[in-house]
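[1] I'd like to go over a predicted model; first the sequence, then the structure.
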Amino acid sequence: MTSTTSEMSSIAAKRKITPAHVAVVTVVALAINLVILWFGPLAGASMQVGQPAPVTAIPVAFFTIVPLLLASVVVALAGRRNPGFRRIAAWAGLAFALVSCAAPFAVAADTATAYTLSAMHVVCGVAWFRIAYPHR
């Protein structure tokens, strides 16, 4: 094992996915998404996505918190056996969030709503990357 490989292994070992880190990043992501939700209608977004009611804080909170928490548990457990898995999961999750930014454009009643919801996808992707990527 080279010194670079051992340095990377020690960094990954030091930087574990901890409940405190997950909680802080998730709360920050939720706060940013709620600010985006608040600014969306100010920018002309109807927040209608083909449902009887517009998008509100409750689904935004649910779809920010639950995926980040569940994925964190899965990756933390899988990362114990294979520390390299965390790096792959971090990039895959970020890529998924960025690709899923297109979905709001298919269901939103207006472009402003689509951009608002897409921005929330980006926030969740960046939050996921911050949780999962073994850097520091």
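    That came in fine, so what should we check first?

[2] which residues touch residue 55?
    Counting by CB atoms under 8 Å, 6 or more residues apart in numbering, residue 55 touches 37, 47-49, 113, 117. All C-beta atoms are positioned from the backbone trio N, CA, C, and that covers glycine.

[3] where does it land in three-state SS?
    Look at residue 55: counting by DSSP: H, G, I helix; E, B strand; the rest coil, its state is coil.

[4] mind pulling up the pLDDT for it?
    Looking at residue 55, its pLDDT is 95.

[5] quickly note the distance from it to residue 108.
    According to CB to CB, to the nearest Å, residue 55 and residue 108 sit 9 Å apart.

[6] with residue 24 instead?
    Going from residue 24 to residue 108 by CB to CB gives 30 Å.

[7] settle it for me: which of these two has more neighbours?
    Neighbour totals were compared for residue 24 and residue 108, and residue 108 leads with 22 against 13 (other CB atoms under 10 Å).

[8] ok, and the closest non-adjacent residue to that one?
    Of all residues not flanking residue 108 in the chain, residue 114 sits nearest, at 3.9 Å (CB to CB, 6 or more residues apart in numbering).

[9] contact partners for that neighbour?
    Residue 114 touches 104-105, 108, counting by CB under 8 Å, 6+ apart.

[10] in terms of helices and strands, where is it?
    Using DSSP states H and E, residue 114 sits in helix 111-132.

[11] C-alpha coordinates for that helix, PDB please?
    Taking C-alpha atoms only, helix 111-132 is exported to PDB below (Å, rounded to 0.1, in the frame of the first residue of the first chain):
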ATOM      1  CA  THR A 111     -41.800  27.300 -15.600                       C
ATOM      2  CA  ALA A 112     -41.200  29.200 -12.400                       C
ATOM      3  CA  THR A 113     -42.600  26.300 -10.400                       C
ATOM      4  CA  ALA A 114     -40.300  23.900 -12.400                       C
ATOM      5  CA  TYR A 115     -37.200  26.000 -11.700                       C
ATOM      6  CA  THR A 116     -38.200  26.300  -8.000                       C
ATOM      7  CA  LEU A 117     -38.600  22.600  -7.600                       C
ATOM      8  CA  SER A 118     -35.400  21.900  -9.600                       C
ATOM      9  CA  ALA A 119     -33.400  24.200  -7.300                       C
ATOM     10  CA  MET A 120     -34.600  22.000  -4.400                       C
ATOM     11  CA  HIS A 121     -33.300  18.900  -6.100                       C
ATOM     12  CA  VAL A 122     -29.900  20.600  -6.400                       C
ATOM     13  CA  VAL A 123     -29.900  21.400  -2.700                       C
ATOM     14  CA  CYS A 124     -30.700  17.800  -1.800                       C
ATOM     15  CA  GLY A 125     -28.000  16.600  -4.100                       C
ATOM     16  CA  VAL A 126     -25.400  18.800  -2.700                       C
ATOM     17  CA  ALA A 127     -26.500  17.900   0.900                       C
ATOM     18  CA  TRP A 128     -26.200  14.200   0.000                       C
ATOM     19  CA  PHE A 129     -22.700  14.700  -1.400                       C
ATOM     20  CA  ARG A 130     -21.700  16.600   1.700                       C
ATOM     21  CA  ILE A 131     -23.000  13.800   3.900                       C
ATOM     22  CA  ALA A 132     -21.700  10.800   2.000                       C
END
